[in-house]
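> Quick check, what structure comes out for this input:
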Amino acid sequence: MRHLRVHNRVLVSSQKSTKDMERAQAAFHKKEIQAREGATAMAEYKAAGNAERAKTERLRALRVAREAADREAAAAAPPKPVAKGKAKKRPT
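Next up is the predicted model:
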């Protein structure tokens, strides 16, 4: 019959050595660190995506405003004069 005892919230068999227990705790801590780093990386990824979308939206608004101003300026400009005179013959 095995006897189990609780050590730092981990069930440990009395037949296991302390080396096995240390190895299990090290693996657990490694997984905790990986989870924290993963959450940090995901937050950075999302922040970069949000910044890129905001920049794209700002640049699009500037482009649309510039194009509208260009259209208004073209509409308000006087028409270009048509050149009058004889058409030149092309040499054959």
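
> list the contacts for the residue most central in space within the chain?
The chain has Gly49 as the residue nearest its centroid, 2.7 Å off, counting by CA atoms, centre = their mean. Going by CB atoms under 8 Å, 6 or more residues apart in numbering, Gly49 touches no other residue. (C-beta placed from N, C-alpha, C; glycine too.)

> and it, what element?
Using DSSP states H and E, Gly49 sits within helix 18-76.

> Quick check: mean pLDDT of that helix?
On average, the pLDDT along helix 18-76 is 96.

> now it: how far from the chain's centre is it?
Distance of helix 18-76 from the chain centroid (CA atoms, centre = their mean, to the nearest Å) equals 3 Å.

> tell me the SS of Pro78?
Classification of Pro78 using DSSP: H, G, I helix; E, B strand; the rest coil returns coil.

> Count the residues that sit near it.
Look at Pro78: counted by other CB atoms under 10 Å, it has 5 neighbours.

> For Arg66, give its distance to Lys46.
Note on Arg66: its distance to Lys46, by CB to CB, to the nearest Å, is 31 Å.

> How about Glu52?
11 Å.

> Likewise for Ala39?
11 Å.

> Over to Lys89?
Distance of Lys89 to Lys46, computed by CB to CB: 69 Å.

> Which one's more surrounded, those two?
Lys46 (10 against 6).

> Run through the residues that contact that one.
Per CB under 8 Å, 6+ apart, neighbours of Lys46: none.

> swap in His29?
His29 neighbours (CB under 8 Å, 6+ apart): none.

> Kindly provide the distance from it to Ala39.
His29 sits 16 Å away from Ala39 when distances are taken as CB to CB.

> what's the answer for Glu22, then?
Counting by CB to CB, the gap from Glu22 to Ala39 is 26 Å.
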